[in-house]
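Chemist: sequence unknown, structure follows:
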Ligand SMILES: Nc1ncnc2c1ncn2[C@@H]1O[C@H](COP(=O)(O)OP(=O)(O)OP(=O)(O)O)[C@@H](O)[C@H]1O
């Protein structure tokens, strides 16, 4: 088992929610979430906007403090430094200093992944080529379109050949060709034994490549599905039906 989450709860407190429109002091992120992910598996979380998917991902990655529960990752109690180099992460939204060129930001990520010299150069070329953006190496990020910036995020997340890859909305802003490429890459990664943790609203994609899925609604797990074993024909219909019937108050 590569990842185990037990009874995880995150409540956003006042300091996190200074922009909360309703002026509430607390807002539930996720409540009592438990699941595990096996090595080499494609694992997906689906849920409506605000269901808690990104919150869950950020807690796992140590980017958000949580209130209670336990996260075991690579057999450790949390994501420790020596394991970080085995992780790839595409955030839902990536922010880049716009004045930098593509090559500068890739070198920066390479530095974080402790890559250097000819290996760094090779890996950068390899991942940029994969997403068809190698020719823009010396272009400033300010001049990139939304989809091109998304490809930068995808490329950086593969630079360290991660064992465990977290992709938060990988298809965001991508054209059909790039989307197909992402699907092919996920299949290829799985064949090589990479575990892919996928957070996406595009249920068609999950139907094509997904294996185990958890449905989250209002911060809680509503159901865990094994797409092949449970013989789900139309995931979107199934999902909507499931959410409709869920009356848990947040
Ligand atoms: N910084 C924050 N402060 C307060 N509440 C937050 C904060 N971030 C998220 N939340 C709340 O936590 C809940 C879960 O949000 P989260 O971003 O995890 O949802 P999501 O499932 O990723 O949504 P989406 O599909 O829209 O990206 C929402 O009710 C949201 O308003």
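Modeler: Perfect, I can see it now. The model shown is predicted, which means the values in this text are computed figures rather than measured ones. Numbers count the residues shown, from 1 in each chain.

Chemist: what's in contact with the helix or strand residue 118 falls within?
Modeler: Secondary-structure element containing residue 118, defined by DSSP states H and E: helix 117-130. Applying C-beta atoms under 8 Å, 6 or more residues apart in numbering, the contact partners of helix 117-130 are 102-103, 106-107, 110, 115, 134, 136-137, 155-156, 158-161, 181, 185. From N, CA and C alone the C-beta is placed, and that goes for glycine too.

Chemist: which parts of it are buried?
Modeler: For helix 117-130, the neighbour count (16 or more other C-beta atoms under 10 Å) marks 120, 123-124, 127-128, 130 as buried.

Chemist: and for stretch 47-55?
Modeler: Neighbour count says stretch 47-55 has 47, 51-55 buried, by 16+ other C-beta under 10 Å.

Chemist: if we can go back for a sec, pull out the buried members of the contacts of helix 117-130.
Modeler: Applying 16+ other C-beta under 10 Å to the contacts of helix 117-130 flags 102, 106-107, 110, 115, 136, 155-156, 158-161, 181, 185 as buried.

Chemist: from those, pick the one nearest the ligand.
Modeler: The ligand lies nearest to residue 156 out of the buried ones among the contacts of helix 117-130, by C-beta to the nearest ligand atom, at 20.2 Å.

Chemist: residues near the closest residue to that closest one other than its chain neighbours, how many?
Modeler: The shortest distance from residue 156 to any non-neighbouring residue, by C-beta to C-beta, 6 or more residues apart in numbering, is to residue 109 (4.4 Å). Under the neighbour criterion other C-beta atoms under 10 Å, residue 109 is assigned a count of 20.
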